[in-house]
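S.K.: coordinates only, no sequence provided:
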């Protein structure tokens, strides 16, 4: 049976520009973009922006192994509410996604999800940093990005070998930049606030030294490198310099690193514990400036759910992580002072290109899969602490009023969100 509808009355924005147009979808594909189009069913987009579905480069779905916090199904539903039609599932699961069999398991779970679930493989076996994983086997299954997220690869010789191997496979390595000798035993940023609170702090140099090292390795090997969740002014500056020099590097920043500072930790509420930690106001300004200038390629949520009982532990014992999928778009629109088209570039077509899925995401054109979101840019709302569709509720933005909300999400031609509500 043919399924057809028109998204009517919206302002269409993608990488090619913007126009007021209707979008007709039939059987999962965009079949018309233009004025005064019609179909059997109408989805109202009056006063809204029709955009390519958002793409998250950094999502923790926790499955397999930590389903109490999140599952592929629940995380994908949170993603749909946030306007996402694709997420990249991080490999720090239990067991780690470090071999073909676990990749297949997560891919199978993703087939029933509310968005596309791309899989990131681990660089090393068990993310232990000692032995390279069988990246070739995982790449044969479609894995395009590899990372030991949560722990940076400490052994410089092993990282060089990984980059050389990755270049031959045509895949990208993504690094969690953190020198363990400087970060071990810490729970927040090292600075005036940590000194005042008497808590062990992680210096900015713990991140920046590994950024510096891996820029040098990217230069040496010519391999593509993506830097995860940059959080310091020094890191942003170094990556900007590497890009200006023509090196094949990209980077991302998380919403909490352009909206929150280490002063939030004064509450001792572990909802503000994250990895890398919240930094100073100066670092926040630098991350914002990098997003505005384009030095930072993408906004990635680092959506990291945890059960309430774990986040209720003392700050230094609680696990790091915050929810982000349902809030990233609104936080960016509210806090960055950027035109909506520039925000969408950071959330949609640029991350789609980095993830290697630009053929299915990031554009609105006839013949393309219908992966779309419809955004009401003037919708004011207040973030609550429920966690939305996630199984967890570790939300650091409770009580914050933001502007901009996803009204509809269309995944491969199927409405997953209509008029702000999840569809069954």
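M.R.: Yes, it's here. None of these values were measured; they are calculated from a predicted model.

S.K.: the strands in the stretch 51-200 of the chain, which residues?
M.R.: For the stretch 51-200 of the chain, the strands defined by DSSP state E, counting those that start in this stretch cover 54-59, 84-89, 116-119, 145-146, 172-175, 188-189.

S.K.: now those in JSON lines, with distance to residue 258, mean neighbour count and mean pLDDT?
M.R.: In short, each C-beta sits where N, CA and C put it, glycine included. Listed next are the strands of the stretch 51-200 of the chain as JSON lines, based on distance: least, C-beta to C-beta, whole Å; neighbours: other C-beta atoms under 10 Å; pLDDT from 0 to 100:
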{"stretch": "strand 54-59", "distance to residue 258": "14", "mean neighbour count": "30", "mean pLDDT": "98"}
{"stretch": "strand 84-89", "distance to residue 258": "18", "mean neighbour count": "30", "mean pLDDT": "98"}
{"stretch": "strand 116-119", "distance to residue 258": "24", "mean neighbour count": "24", "mean pLDDT": "98"}
{"stretch": "strand 145-146", "distance to residue 258": "22", "mean neighbour count": "26", "mean pLDDT": "98"}
{"stretch": "strand 172-175", "distance to residue 258": "19", "mean neighbour count": "26", "mean pLDDT": "98"}
{"stretch": "strand 188-189", "distance to residue 258": "15", "mean neighbour count": "24", "mean pLDDT": "98"}
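
S.K.: quick check, residue 373 in a strand?
M.R.: Yes: counting by DSSP: H, G, I helix; E, B strand; the rest coil, residue 373 is located in a strand.

S.K.: so what's it bridging to?
M.R.: residue 51, residue 409 (DSSP bridges).

S.K.: show me what contacts it?
M.R.: 50, 51, 52, 53, 54, 83, 84, 85, 406, 408, 409, 410 (C-beta atoms under 8 Å, 6 or more residues apart in numbering).

S.K.: before we move on, back to that, for the strands of the stretch 51-200 of the chain, which one sits closest to residue 323?
M.R.: Smallest distance to residue 323 across these (C-beta to C-beta): 10.6 Å, for strand 54-59.

S.K.: report the angle between that closest one and strand 84-89.
M.R.: If you take axes from the mean of the first three to the mean of the last three C-alpha atoms, to 10 degrees, strand 54-59 sits at 20 degrees to strand 84-89.

S.K.: which helices and strands does strand 54-59 pack with?
M.R.: Packing partners of strand 54-59 (3 or more C-beta pairs under 8 Å, 6 or more residues apart in numbering; DSSP states H and E): helix 72-81, strand 84-89, helix 328-335, helix 340-347, helix 349-355.

S.K.: quick one, it and helix 72-81 angle?
M.R.: Using the same axes, to 10 degrees: strand 54-59 against helix 72-81 is 140 degrees.

S.K.: show me the contact partners of strand 54-59.
M.R.: Residues contacting strand 54-59 (C-beta under 8 Å, 6+ apart): 75, 79, 82-90, 145, 149, 174, 226, 228-229, 252, 254, 298, 300-303, 325, 328-329, 344, 347-349, 351-352, 354-355, 357, 361-362, 373.

S.K.: so how far is residue 65 from the residue nearest the centre of the chain?
M.R.: Using C-alpha atoms, centre = their mean, the residue of the chain that lies closest to the mean C-alpha position is residue 300, 2.7 Å off. Note on residue 300: its distance to residue 65, by C-beta to C-beta, to the nearest Å, is 22 Å.

S.K.: repeat that for residue 394.
M.R.: 18 Å.

S.K.: with residue 113 instead?
M.R.: Taken as C-beta to C-beta, the span from residue 113 to residue 65 is 17 Å.

S.K.: more neighbours: the two, which one.
M.R.: Neighbour totals were compared for residue 113 and residue 65, and residue 113 leads with 22 against 13 (other C-beta atoms under 10 Å).

S.K.: so what's the residue count around the residue lying closest to that one once chain neighbours are set aside?
M.R.: Once flanking residues are discounted, residue 113 sits nearest to residue 76: 3.6 Å by C-beta to C-beta, 6 or more residues apart in numbering. A total of 30 residues lie near residue 76 under the criterion other C-beta under 10 Å.
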